[in-house]
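Student: fold the stuff below for me.
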Amino acid sequence: MSYAQGDDFEEMWTSLAPLGRAPDGSYQRLAWSDAELSCRDWFRRQARLRNMLLDEDRNGNLWAWWGEPGAGAIVTGSHLDSVPGGGGFDGPLGVVSAFAAVDRLARRYGQPPKPLAVVDFADEEGGRFGVACAGSRLMTGQVDPCALLARTDRSGVTLAEAMTAAGFDPSRCGADPGRVSKIAAFVELHIEQGRTLDHLGAPVGVAAAVWPHGRWRFDFTGQADHAGTTRIVDRRDPLIPAAHLILDARAQAEAAEALATVGRVEVNPGATNAVASRASVWLDARAPSAETVRNLVESIRVASVQRCSHHRVALVASEESWSDGASFPAALQERLVASVRAVLGDVPRLTTGAGHDAAVLAAQVPTAMLFVRNPTGVSHDRAESASMQDCLRGVDALSAVLAALLDDAGGLSDVPAPAADRAGSPSAVATR
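Tutor: Model (predicted):
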């Protein structure tokens, strides 16, 4: 096994950084776009430099294997796609760190005591087709492939068409239980999407749980009309109840100690001098419990129905996605804490409202996460950041965790298998 790059994290990071970067410094690495395909080529190059076996699965996820693929595999990695205007660390930090960790482990072991893979999950952000964690959801059978492949981006291109244009056969997509069954544990390293670690003065943390979260679409339909000739009392303006929904979501989420966000609004026909005919609003809601999220969204919906009645506007509300979140196995958390403590000292545990592939896999595989400090606390924006020193500490932590799992002669026997019914129904869709 050759290591032309050693574990030069900074060199790898520098080679990846220009791909998909916009002039303002943000990233446009939407799934199956030219920029994201360039990132996938970067992943392939890293695998070849290390003589790792490259494997693209039936759902477009990329795997680089150290050692022969087989049962009892330890898997690490993240994703390389971004949201529109995203930052450079969300996803790529976990992939670059994984390759750097493999370099260190190879020098320690020579040959892997167990199969180990670095993975790049496809379309984790859902920034183009609206379904986050698509690659891991497909692999674990948590989404209907036909429904997912039919989803369109804002230009009307379906996911199936985008995959085909990239040279991938979308007819292969679907549950891959054979692959999932080979994974003994999955560890994902990720930038923290918040400032908890910064406040605590800790470079690295261990994830305890991911909040339940979902995404809903509200379509308000009124009557298009002339802005200069239609009396206010005669208007059926869908933007009025739509605007109230945004305000209601903020107020009710604050009261419920939850999170609610409207980050996307589409208005038709979109003319400055015309009353709109339709307004579509997408709501993202998250909370520590599923009940809180459900109650919050229902309260917002009821308030919207009442306002629509007053303004003679029709409303159709639909759930586009849902994730139950995840609580990571306590036994595996303890192993991470012990491993990280040995190289970095005390390590905090965090609960996050952000979705991750690790939370998807947690329904079927022992799963854990490490977070690296983000001093700005900002994510999904170019202000997202981490110091090189903290990135390298993240590699230290990940290497120690993977070594502990590779050395585990018990085969993770003390980590309970996830309950089968946590996998979700085939129609379930995750949000990010």
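Student: in the helix or strand containing Phe43, what counts as buried?
Tutor: Following DSSP states H and E, the helix or strand that holds Phe43 is helix 34-49. For helix 34-49, a neighbour-count test (16 or more other CB atoms under 10 Å) marks Ala35, Glu36, Leu37, Cys39, Arg40, Trp42, Phe43, Gln46, Ala47, Leu49 as buried. For every residue, glycine as well, the C-beta is placed using N, CA and C.
Student: surely the fourth one is in contact with Gly20?
Tutor: Yes - under the criterion of CB atoms under 8 Å, Cys39 lies in contact with Gly20, with a separation of 6.6 Å.
Student: mutual contacts of the two, please.
Tutor: Residues touching both Cys39 and Gly20 (CB atoms under 8 Å, 6 or more residues apart in numbering) are Arg29.
Student: surely Asp55 is in contact with Trp63?
Tutor: Yes - here Asp55 lies in contact with Trp63, judged by CB under 8 Å, at a distance of 4.2 Å.
Student: and for these two, which residues touch both?
Tutor: Pro69, Ala117.
Student: those two: which has the busier surroundings?
Tutor: Using other CB atoms under 10 Å, the more surrounded residue of Asp55 and Trp63 is Trp63, with 22 against 15.
Student: could I get the buried residue list for the helix or strand hosting that one?
Tutor: Under the criterion of DSSP H and E, Trp63 resides in strand 62-66. Buried residues in strand 62-66, defined by neighbour count with 16+ other CB under 10 Å: Leu62, Trp63, Ala64, Trp65, Trp66.
Student: switch those residues over to a markdown table; also include distance to Arg264.
Tutor: Listed next are those as a markdown table, based on distance: CB to CB, whole Å:
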| residue | distance to Arg264 |
| --- | --- |
| Leu62 | 29 |
| Trp63 | 32 |
| Ala64 | 34 |
| Trp65 | 38 |
| Trp66 | 40 |
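Student: pretty sure Val360 is in a helix, no?
Tutor: Yes - under DSSP: H, G, I helix; E, B strand; the rest coil, Val360 sits within a helix.
Student: would you map out the domains in this structure?
Tutor: 9-211+325-423, 214-323 (automatic domain parsing).
Student: put together a markdown table for those, with mean pLDDT on each row.
Tutor: Below are the domains of the chain laid out as a markdown table (pLDDT from 0 to 100):
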| stretch | mean pLDDT |
| --- | --- |
| domain 9-211+325-423 | 93 |
| domain 214-323 | 96 |
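Student: winner for burial among those domains?
Tutor: Stretch with highest mean neighbour count among the domains of the chain: domain 9-211+325-423 (a mean of 20; mean count of other CB atoms under 10 Å).
Student: distance of Asp90 relative to Pro288?
Tutor: Distance, Asp90 to Pro288, by CB to CB, to the nearest Å: 22 Å.
Student: now do the helices in the stretch 1-150 of the chain.
Tutor: Secondary structure of the stretch 1-150 of the chain (DSSP state H, counting those that start in this stretch): helices at 9-16, 34-49, 92-109, 134-139, 145-149.
Student: I'd like those helices as CSV, with distance to Ala354 appended.
Tutor: Shown next, in CSV, are the helices of the stretch 1-150 of the chain (distance: least, CB to CB, whole Å):
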stretch, distance to Ala354
helix 9-16, 21
helix 34-49, 20
helix 92-109, 13
helix 134-139, 15
helix 145-149, 21
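Student: out of those helices, which is closest to Phe186?
Tutor: Judged by CB to CB, the one of these that comes nearest to Phe186 is helix 134-139, at 9.4 Å.
Student: which helices and strands does that closest one pack with?
Tutor: Other helices and strands packing on helix 134-139, by 3 or more CB pairs under 8 Å, 6 or more residues apart in numbering; DSSP states H and E, are helix 145-149, helix 357-361.
Student: among the ones you listed, which comes closest to Asn374?
Tutor: Between Asn374 and these, the shortest gap by CB to CB is with helix 357-361, which sits at 17.3 Å.
Student: check which helices and strands the helix or strand containing Gln306 sits against.
Tutor: Assigned by DSSP H and E, Gln306 belongs to helix 290-311. Secondary-structure packing of helix 290-311 (3+ CB pairs under 8 Å, 6+ apart): strand 213-221, helix 239-256, strand 278-286, strand 314-323.
Student: following the longest one, which helix or strand shows up next?
Tutor: The helix or strand immediately downstream of helix 239-256 is strand 259-268, counting by DSSP H and E.
Student: now do that following strand against helix 290-311: the angle between them, please.
Tutor: For strand 259-268 against helix 290-311, the angle by axes from the mean of the first three to the mean of the last three CA atoms, to 10 degrees is 40 degrees.
Student: what lines up beside strand 259-268 in the sheet?
Tutor: When pairing is defined by DSSP bridges, strand 259-268 lines up against strand 278-286 (antiparallel).
Student: got the angle between the partner strand and strand 314-323?
Tutor: Computed by the same axes, to 10 degrees, the angle separating strand 278-286 from strand 314-323 equals 30 degrees.
Student: 392 is where my numbering starts, stick with that
Tutor: Yes, from this point I'll number from 392; that puts the last item at strand 669-677.
Student: give me the contact list for strand 669-677.
Tutor: Strand 669-677 has contacts (CB under 8 Å, 6+ apart) with 602-613, 629-630, 633, 636-637, 640, 644, 649-659, 684, 687-688, 691, 711, 744, 822.
Student: and what of stretch 615-628?
Tutor: Stretch 615-628 has contacts (CB under 8 Å, 6+ apart) with Gly613, Gln614, Pro660, Thr663, Asn664, Ala665, Val666, Ala667, Ser668, His702, Arg703, Val704.
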